[in-house]
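1. return atomic coordinates for the entry below.
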Amino acid sequence: MQNWEQRHTGIVMLRLLLKKLKRVVRESVSRVPDQNAFEFDEDVEETKKIPKDVKEGHFAVIAVKGGKTKRFILELSYLKNPAFLSLLEEAKEEYGFRQTGALTVPCQPEELQKILEDRLKKIASV
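-> The predicted model follows:
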């Protein structure tokens, strides 16, 4: 009789263990994303797409304000220009650091054009 009780107890414990194991597996499967679904890191994908008109040593800037929008291609040296750095501070306050693609600055396109022309005049006068 004792042998039968031991086997019965073993079978009951095995069933309980299997139930618990099934529950754990079900819960873990529900947390795992579908293996057939694809997720893309948009930030990484965007950085790989550089337009052909943006040459090495340059970056794209979009001036947006008052319904006017214009895209500019600037040399990296503009990142040292005090007037342009001021626009970057405004962009940081308005848009934050999570911009993707071309850099957007909150100014009239004419204002950015003037900053670019002023810098070119300074270079020409040297």
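2. and the host helix or strand of residue 117, what does it pack against?
-> Assessed by DSSP states H and E, residue 117 sits inside helix 109-125. Counting contacts by 3 or more CB pairs under 8 Å, 6 or more residues apart in numbering; DSSP states H and E, helix 109-125 packs against strand 58-65, strand 68-75, helix 82-95. Yep, even glycine has a C-beta here, placed from its N, CA and C like the rest.
3. please redo it, this time with the cut-off set to 10 Å
-> If you count contacts as 3 or more CB pairs under 10 Å, 6 or more residues apart in numbering; DSSP states H and E, helix 109-125 packs onto strand 58-65, strand 68-75, helix 82-95, strand 103-105.
4. out of those, which one sits most buried?
-> strand 103-105 (a mean of 20; mean count of other CB atoms under 10 Å).
5. lowest-scoring secondary structure element of the protein by mean pLDDT?
-> When the helices and strands of the chain are scored by mean pLDDT, DSSP states H and E, helix 42-48 comes last with a mean of 49.
6. related to what we said a few turns ago, got the buried residues for the helix holding residue 117?
-> For helix 109-125, burial by neighbour count (16 or more other CB atoms under 10 Å) applies to 109, 112, 115-116, 119.
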